[in-house]
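>>> structure, please.
(one chain, ligands or ions: 2)
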Amino acid sequence: MLLEKFLEQGCLKEEEFKELLDQFDQGSLTREALLTLTKKAVALRECYYGKKVYTRGLIEFTNYCKNNCYYCGIQAKNSNVTRYRLSMEEILSCCESGYDLGFRTFVLQGGEDPYYTKERMTEIIKEIRCRYPDCAITLSVGEKDHDTYAAWKEAGADRYLLRHETADEAHYRKLHPEGMTFEHRKACLYDLKSLGYQVGAGFMVGSPYQTNKSLAKDLLFLKELKPDMVGIGPFISHHDTCFKDMPNGTAEKTVFLLSVIRVLLPNVLLPATTALGTVDPQGREKGIKAGANVVMPNLSPVAVRKQYELYDSKICTGEEAAECRGCLERRIASTGYEMVSMRGDVAKR
Ligand code: 5AD
Ligand code: FES
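Ligands and ions are numbered 1, 2, ... in the order given. The predicted structure follows:
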């Protein structure tokens with residue numbers, strides 16, 4: 001009933017979303033009902049993107065971080081992490097090998113590392129922009145001021161990933177220490193939008209203290225923000241954090257939410273994340289079959305991959321991962337979709 005209403009209208013009220021998610025948790029949605037949702041999500045995805053799956057080359061260029069988000073393995077306080085920073089040359093060499101492998105989007109992701117000032121990042125962005133005029137540059141380095149975001153846009157960045165983490169103030173307080181607020185996070189996302197970035201928001205599924213009410217707020221926040229990209233993945237505990245004994249999010253609920261988000265924002269770019277592939281060996285394939293249309297294999301040097309451990313047991317960090325692209329290409333082909341070498345910008349609504 002609620003699911004039908006959602007499929008018809010493409011949105012629900014907060015209370016109704018909560019109820020729908022409760023129904024999912026209780027197992028009271030029938031197999032047929034769930035199948036209708038998946039079918040609708042897949043149809044919408046194919047209407048905007050066909051059978052194409054876009055790829056982003058992820059370069060985790062620093063694991064220094066000044067913050068202490070309780071869920072995150074590379075938080076400042078964790079003294080068991082061996083910290084690293086990639087030099088300009090190392091970053092460029094990741095881009096070079098990535099370009100040869102067919103990547104046309106580079107995602108520079110890192111902790112909130114004060115070493116990468118507005119000026120240092122500007123230099124890196126300009127250099128990549130100059131060498132790869134046909135590629136998209138995506139940044140994912142956290143909360144900065146308007147002036148900094150503007151300078152990086154001017155230098156040639158196209159997109160920015162900044163998960164909102166949770167749109168429920170009380171829940172936000174449970175995940176972050178004093179000093180970090182949902183208000184500021186939100187302001188950053190709107191700043192980025194106003195500067196003309198393609199913007200990515202998102203959240204973890206099953207993070208500690210998350211309720212279906214907070215997830216309902218997440219969905220309505222996404223509807224309001226209208227981001228170009230939405231990154232979601234299951235929460236996975238990290239052994240050095242205060243959440244080490246908290247249960248992980250599930251692949252099932254993440255996959256359900258991927259379909260829901262596809263229906264909510266039909267043309268959105270939606271990755272099947274590494275975290276989803278970590279909780280379920282077939283997670284990324286399941287994500288693609290549920291409406292996701294992006295994968296983000298790691299381009300970081302294999303030597304540093306283990307150090308970028310936001311959560312335990314992260315896949316693609318060992319020697320076998322030197323060639324994630326080939327691996328993913330086969331995995332995606334197995335789902336009936338096709339991994340492509342294109343910038344993969346958001347489709348017009
Ligand atoms: N489990 C799953 N995802 C995590 N992230 C951070 N820590 C974890 C964890 N323990 C996610 C956050 C962040 C993104 C880069 O990774 O949502 O925004
Ligand atoms: Fe990384 Fe398969 S995608 S090893």
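>>> look up the closest residue to the residue nearest to the spatial centre of the chain, ignoring the ones flanking it.
Centroid-nearest residue in the chain, with Cα atoms, centre = their mean: residue 231, separated by 2.9 Å. In space, and not counting its chain neighbours, residue 231 is closest to residue 202: 3.6 Å by Cβ to Cβ, 6 or more residues apart in numbering. (Each C-beta comes from the backbone N, C-alpha and C, glycine too.)
>>> and what about that neighbour, helix, strand or coil?
strand (DSSP: H, G, I helix; E, B strand; the rest coil).
>>> could I have the CA atoms of the one helix or strand residue 5 maps to written out in PDB?
Using DSSP states H and E, residue 5 sits within helix 2-9. Only the C-alpha atoms of helix 2-9 are listed here, as PDB (Å, rounded to 0.1, in the frame of the first residue of the first chain):
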ATOM      1  CA  LEU A   2       2.600   2.500   1.100                       C
ATOM      2  CA  LEU A   3       5.100   1.100  -1.400                       C
ATOM      3  CA  GLU A   4       2.500   1.500  -4.200                       C
ATOM      4  CA  LYS A   5       1.900   5.100  -3.100                       C
ATOM      5  CA  PHE A   6       5.600   5.700  -3.200                       C
ATOM      6  CA  LEU A   7       6.000   4.200  -6.600                       C
ATOM      7  CA  GLU A   8       3.200   6.300  -7.900                       C
ATOM      8  CA  GLN A   9       4.200   9.600  -6.400                       C
END
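>>> can you name every helix or strand that it contacts?
helix 14-26, helix 31-49, helix 251-264 (3 or more Cβ pairs under 8 Å, 6 or more residues apart in numbering; DSSP states H and E).
>>> and the contacts of the first one?
If you take Cβ atoms under 8 Å, 6 or more residues apart in numbering as the criterion, helix 14-26 is touched by 2-3, 5-6, 12, 29, 212-213, 215-217, 219-220, 253, 256.
>>> show me what counts as buried in stretch 25-43.
Using 16 or more other Cβ atoms under 10 Å as the test for burial, stretch 25-43 gives 29, 33-34, 36-38, 40-42.
>>> let me fix that, I meant to ask about stretch 92-99.
92, 94-95, 98-99.
>>> cool, and stretch 301-313?
301, 304-305, 307-311.
>>> now stretch 66-73
67-73.
>>> same check on stretch 192-201?
For stretch 192-201, a neighbour-count test (16+ other Cβ under 10 Å) marks 192-193, 195, 197-201 as buried.
>>> ok, so what distance separates the closest residue to residue 348 other than its chain neighbours from ligand 1?
With Cβ to Cβ, 6+ apart as the criterion, residue 348 has its nearest non-adjacent residue at 7.2 Å, and that residue is residue 267. Distance from residue 267 to ligand 1, counting by Cβ to the nearest ligand atom, to the nearest Å: 22 Å.
>>> and if you look at residue 178?
From residue 178 to ligand 1 the distance is 19 Å (Cβ to the nearest ligand atom).
>>> could you tell me how many residues sit around that residue?
By other Cβ atoms under 10 Å, the residues close to residue 178 number 7.
>>> that one falls within a helix, correct?
No: checked against three-state DSSP, residue 178 lies outside a helix; its state is coil.
>>> quick one, phi/psi of it?
Torsion angles at residue 178 (phi, psi; degrees, to the nearest 10) stand at phi -50, psi 140.
>>> the helix or strand harbouring the residue nearest to the centre of the chain: which residues count as buried?
Using DSSP H and E, the element containing residue 231 is strand 229-234. By 16+ other Cβ under 10 Å, the buried positions in strand 229-234 come out as 229-234.
>>> and for that strand, what's in contact with it?
Here strand 229-234 has contacts from 159, 161, 163, 198-206, 222, 248-251, 253-254, 257-258, 261, 265, 268-271, 273-276, 278-279, 294, 346, using Cβ under 8 Å, 6+ apart.
>>> what of stretch 86-104?
55-57, 59, 61-62, 106, 108, 123-124, 127-128, 131-132, 134-136, 299-301, 304, 325, 341-344.
>>> any idea how far it is from the middle of the chain?
Remark: stretch 86-104 is offset 20 Å from the chain centroid, using Cα atoms, centre = their mean, to the nearest Å.
>>> near ligand 2, anything from it?
No: Stretch 86-104 does not reach ligand 2 (Cβ under 6 Å from any ligand atom); its nearest approach is 12.3 Å.
>>> so where is the chain shaky, pLDDT-wise?
Scanning the chain for pLDDT under 70 picks out 319-322.
>>> how about a cut-off of 80?
Regions of the chain meeting the criterion pLDDT under 80 cover residues 318-323, 349.
>>> for ligand 1, what are the nearby residues on it?
Going by Cβ under 6 Å from any ligand atom, the residues of the chain near ligand 1 are 71-72, 163, 165, 204, 233, 235-236, 238, 275, 310-311.
>>> can you give me the helices in the stretch 51-200 of the chain?
For the stretch 51-200 of the chain, the helices defined by DSSP state H, counting those that start in this stretch cover 88-101, 118-131, 146-155, 169-175, 182-194.
>>> from the buried residues of strand 229-234, pick the one nearest ligand 1.
residue 233 (5.5 Å; Cβ to the nearest ligand atom).
>>> return the set of residues that bridge with that closest one.
residue 204 (DSSP bridges).
>>> where do the strands of the stretch 201-349 of the chain begin and end?
Using DSSP state E, counting those that start in this stretch, the strands found in the stretch 201-349 of the chain span residues 229-234, 294-295, 338-340.
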